[in-house]
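K.L.:
Prediction below, plus the sequence it came from.
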Amino acid sequence: MELGIDLGTANTVVGDVRHGILFDEPTVMLLQRGRARRERVLAVGREAADLLGRAPTGYTAVRPLSDGVVTDLETARTYLRSVLHRAGRRGWSLPVRAVIGVPVGSTALEHRALLEAAEEAGIRPVTALDESIAGAVGCGLDPLERRVHMVVDVGGGTAEAAAFCFGGVLAHRTSKLAGDEMTLAVARYVREQHQLHVGELEAEDLKIRSGAEADGPLVVQGRDAASGRPRLATVQAGEVADAVRPITEEIVRTLAACLDDLAPQAIADVMAEGVLVFGGSSQVRGFAAELERSLGLPVTVAERPLTCVAEGAARSLRNRRLLSAYGRN
Ligand SMILES: Nc1ncnc2c1ncn2[C@@H]1O[C@H](COP(=O)(O)OP(=O)(O)OP(=O)(O)O)[C@@H](O)[C@H]1O
């Protein structure tokens with residue numbers, strides 16, 4: 001079985017070339033501490049996310065990644081094992097080999113930790129590939145070409161820009177501000193301007209809905225800041241856009257510095273082709289326009305911004321030249 005895996009801070013996507021996407025769910029698992037401090041996985045993905053903020057005592061909802069990297073090897077291994085199980089590993093032919101996405105700005109230690117967790121979860125051999133490269137492949141670009149391509153990946157925990165060509169990365173920038181901070185900014189805004197406490201999930205939902213509405217009223221539920229009682233508030237989509245704008249601008253400022261490291265000929269290539277953007281937060285209202293304004297280059301949002309990294313990782317498995325040029329072991 002040959003898999004492409006995008007283990008993101010917010011979402012995990014697993015796919016293969018034959019069947020397409022096999023698993024696409026939030027990167028969360030619900031654990032129950034048993035006897036002798038052993039932990040049991042009760043739920044993974046969407047089922048676990050549904051219990052965020054409402055898990056009974058003794059149960060803990062765990063997010064195995066922080067800012068796109070593994071912080072605890074054992075948690076990551078347990079999580080990956082559960083994901084493989086859910087994605088249908090039982091019915092698969094063994095062994096499972098995979099290409100797994102890593103942030104382009106991750107250190108050797110960080111991507112080694114992820115590879116080790118994957119190997120311990122039963123995936124062998126496993127190769128790490130920059131998410132920027134995997135996403136580009138998933139969108140039909142060829143990173144081995146002599147022409148320079150530039151992509152921007154804006155996820156939940158990190159945002160990255162990378163320019164690459166002919167088997168090598170020419171420049172990259174990473175921002176630790178991304179979708180999660182936009183969600184926090186929305187929650188803060190609603191608390192300050194509407195005197196309503198909203199949970200992380202409500203704030204994220206409001207952020208996502210505001211992108212779909214032209215500029216209409218959106219209803220959000222929370223707890224009144226003064227009385228503590230549940231109540232509803234009506235927030236305009238434009239207000240949400242204003243709340244996330246400072247974060248968006250900061251992300252774009254950090255990523256735009258990637259151009260400083262490129263030679264004029266490389267910039268000419270990017271100018272001719274434009275910058276490709278993917279990752280869930282590329283869909284935030286105004287993000288692509290702000291990026292285009294700041295870079296002074298045309299920007300295109302990927303057709304499948306949430307799954308192109310896993311699709312590209314799966315496709316790269318059979319591309320030996322690509323993996324020997326860009327793969328990290
Ligand atoms: N339609 C949408 N509009 C705005 N934001 C969205 C939308 N869909 C998803 N998001 C946001 O995108 C983020 C998740 O994106 P993605 O799945 O690409 O991240 P990830 O790969 O898990 O994270 P990272 O790359 O940082 O490790 C979340 O912050 C989510 O709120």
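P.N.:
Done, it's in.
K.L.:
in the stretch 201-329 of the chain, what residue is nearest the ligand?
P.N.:
Relative to the ligand, the nearest point of the stretch 201-329 of the chain is residue 280 (2.2 Å; CB to the nearest ligand atom). (Each C-beta comes from the backbone N, C-alpha and C, glycine too.)
K.L.:
Look at that residue and say how many residues are nearby.
P.N.:
19 (other CB atoms under 10 Å).
K.L.:
Grab the nearest non-local neighbour of it.
P.N.:
residue 306 (5.3 Å; CB to CB, 6 or more residues apart in numbering).
K.L.:
Regarding the one you found, what is its secondary structure?
P.N.:
Three-state call for residue 306 (DSSP: H, G, I helix; E, B strand; the rest coil): coil.
K.L.:
Tell me the spacing between it and residue 281.
P.N.:
According to CB to CB, to the nearest Å, residue 306 stands 10 Å off from residue 281.
K.L.:
neighbour count winner among the two?
P.N.:
residue 281 (28 against 20).
K.L.:
got the contact list for that one?
P.N.:
Residues counted as contacts of residue 281 (CB atoms under 8 Å, 6 or more residues apart in numbering) are 154-156, 159, 178-179, 182, 287.
K.L.:
one more time with 7 Å, if that's ok
P.N.:
154-155, 178-179, 182, 287 (CB atoms under 7 Å, 6 or more residues apart in numbering).
K.L.:
cool, and residue 280?
P.N.:
The contact partners of residue 280, by CB under 7 Å, 6+ apart, come to 10-11, 155-156, 179, 305-306.
K.L.:
Residue 211 too?
P.N.:
Residues near residue 211 by CB under 7 Å, 6+ apart: 283-285.
K.L.:
hmm, try it at 10 Å
P.N.:
Neighbour list for residue 211: 237, 240-241, 244, 281, 283-287 [criterion: CB atoms under 10 Å, 6 or more residues apart in numbering].
K.L.:
Would you tell me what the next helix or strand after the helix or strand it falls within is?
P.N.:
Secondary structure from DSSP states H and E places residue 211 in helix 200-212. As assigned by DSSP H and E, the chain's next helix or strand after helix 200-212 is strand 217-224.
K.L.:
Could you spell out the sheet neighbours of that next one, each with its direction?
P.N.:
Applying DSSP bridges, strand 217-224 is found paired with strand 196-197 (antiparallel), strand 230-236 (antiparallel).
K.L.:
Quick check: chain neighbours aside, which residue is closest to the residue in the stretch 1-150 of the chain that the ligand sits nearest to?
P.N.:
Closest approach between the stretch 1-150 of the chain and the ligand, counting by CB to the nearest ligand atom: residue 8, at 2.2 Å. Spatial nearest neighbour of residue 8, chain neighbours left out: residue 155 (5.3 Å); criterion: CB to CB, 6+ apart.
K.L.:
I'd say that neighbour and residue 131 touch.
P.N.:
Yes - the pair residue 155 / residue 131 is scored as a contact, 8.1 Å apart, by CB atoms under 10 Å.
K.L.:
between the two, what contacts are shared?
P.N.:
Residues touching both residue 155 and residue 131 (CB under 10 Å, 6+ apart): 6, 8, 68, 103, 278-279, 309.
K.L.:
which regions of the stretch 201-329 of the chain lie under the pLDDT threshold?
P.N.:
Within the stretch 201-329 of the chain, the segments meeting pLDDT under 70 span 213-214.
K.L.:
quick one: the strands in it?
P.N.:
217-224, 230-236, 275-278, 299-301 (DSSP state E, counting those that start in this stretch).
K.L.:
and those as CSV, adding mean neighbour count and distance to the ligand?
P.N.:
Formatted as CSV, the strands of the stretch 201-329 of the chain follow (neighbours: other CB atoms under 10 Å; distance: least, CB to the nearest ligand atom, whole Å):
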stretch, mean neighbour count, distance to the ligand
strand 217-224, 16, 13
strand 230-236, 14, 15
strand 275-278, 26, 7
strand 299-301, 17, 11
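K.L.:
Go through this protein and flag its longest helix.
P.N.:
Looking across the chain with DSSP state H, the single longest helix is helix 237-256.
K.L.:
Are there helices or strands packed against it, and which ones?
P.N.:
strand 149-154, strand 159-165, strand 168-175, helix 179-194, helix 200-212, strand 217-224, helix 287-295 (3 or more CB pairs under 10 Å, 6 or more residues apart in numbering; DSSP states H and E).
K.L.:
Mean neighbour count, the ones you listed: which tops it?
P.N.:
Comparing the helices and strands packed on helix 237-256 by mean neighbour count (mean count of other CB atoms under 10 Å), strand 149-154 comes out on top with a mean of 29.
K.L.:
Each with direction, which strands does it pair with?
P.N.:
Strand 149-154 sits in its sheet next to strand 159-165 (antiparallel), strand 275-278 (parallel), going by DSSP bridges.
K.L.:
Quick one: distance of the last one to the chain centre.
P.N.:
If I follow you right, that is strand 275-278. On the basis of CA atoms, centre = their mean, to the nearest Å, strand 275-278 sits 14 Å off its chain's mean C-alpha point.
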